[in-house]
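# take this sequence and fold it.
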Amino acid sequence: MASVPEPEVPPPHLSAVFAFPVSQSISSNELENFVVWMRGLPRNIGLSLENVYETQSMCFIFRSGYAFPSNLAGIPGVSLLCETKLPNLVSLVTSTAPPQATGSIGPHLPFSRGSLPPPKR
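Alright, predicted model coming up:
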């Protein structure tokens with residue numbers, strides 16, 4: 001029996017990036033299994049795992065159509081981080097070369113004074 005291709009679904013006009021904390025840390029093997037499972041979901045679901053951070057527990061960062069996290073409203077810890085029409089810009093960087101001396105924005109990021117604590121020495 002031939003498999004039916006997934007219907008082509010246009011990307012959402014507005015995406016939501018949201019955090020979903022997990023109360024306990026997971027092993028690297030469990031994380032790998034979860035990532036493989038996420039990547040195996042049909043594309044038309046529109047949910048992607050952007051990143052995972054280990055804090056005192058685990059914090060999963062997801063990206064989806066704007067409607068998806070609104071369905072999670074009221075679940076403790078789920079928080080909207082931002083709305084965007086653009087993809088994760090870091091994922092688009094392909095260069096591994098060191099930055100050029102001219103045009104580098106490293107120390108010149110547009111943060112307002114007092115918006116970030118001073119670096120620890």
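
# for the rest of this, base every contact and every neighbour count on C-alpha atoms.
OK.

# just list whatever residues bridge to the closest residue to residue 22 other than its chain neighbours.
Excluding the flanking residues, the one nearest residue 22 by C-alpha to C-alpha, 6 or more residues apart in numbering is residue 58, at 5.1 Å. Beta bridges link residue 58 to residue 22, residue 54, judged by DSSP bridges.

# using CSV, list the CA coordinates for stretch 42-60.
C-alpha atoms of stretch 42-60 as CSV (Å, rounded to 0.1, in the frame of the first residue of the first chain):
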residue,chain,number,x,y,z
PRO,A,42,4.4,15.4,10.9
ARG,A,43,5.4,18.9,9.7
ASN,A,44,1.8,20.0,9.5
ILE,A,45,1.7,19.9,13.3
GLY,A,46,3.8,23.1,13.3
LEU,A,47,5.7,22.5,16.5
SER,A,48,9.4,22.6,16.7
LEU,A,49,11.9,22.3,19.5
GLU,A,50,14.2,25.3,19.4
ASN,A,51,16.5,24.5,22.3
VAL,A,52,16.7,22.9,25.7
TYR,A,53,18.5,24.4,28.7
GLU,A,54,19.3,22.7,32.0
THR,A,55,18.7,24.9,34.9
GLN,A,56,17.6,23.6,38.3
SER,A,57,15.4,21.4,36.1
MET,A,58,15.0,21.5,32.3
CYS,A,59,13.6,24.3,30.2
PHE,A,60,12.3,23.4,26.7
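
# could I get the average pLDDT for it?
Mean per-residue pLDDT for stretch 42-60: 88.

# one step back: wait, the residue nearest to residue 22 touches residue 19, no?
No. Distance between residue 58 and residue 19: 10.1 Å, which falls outside the contact criterion (C-alpha atoms under 8 Å).
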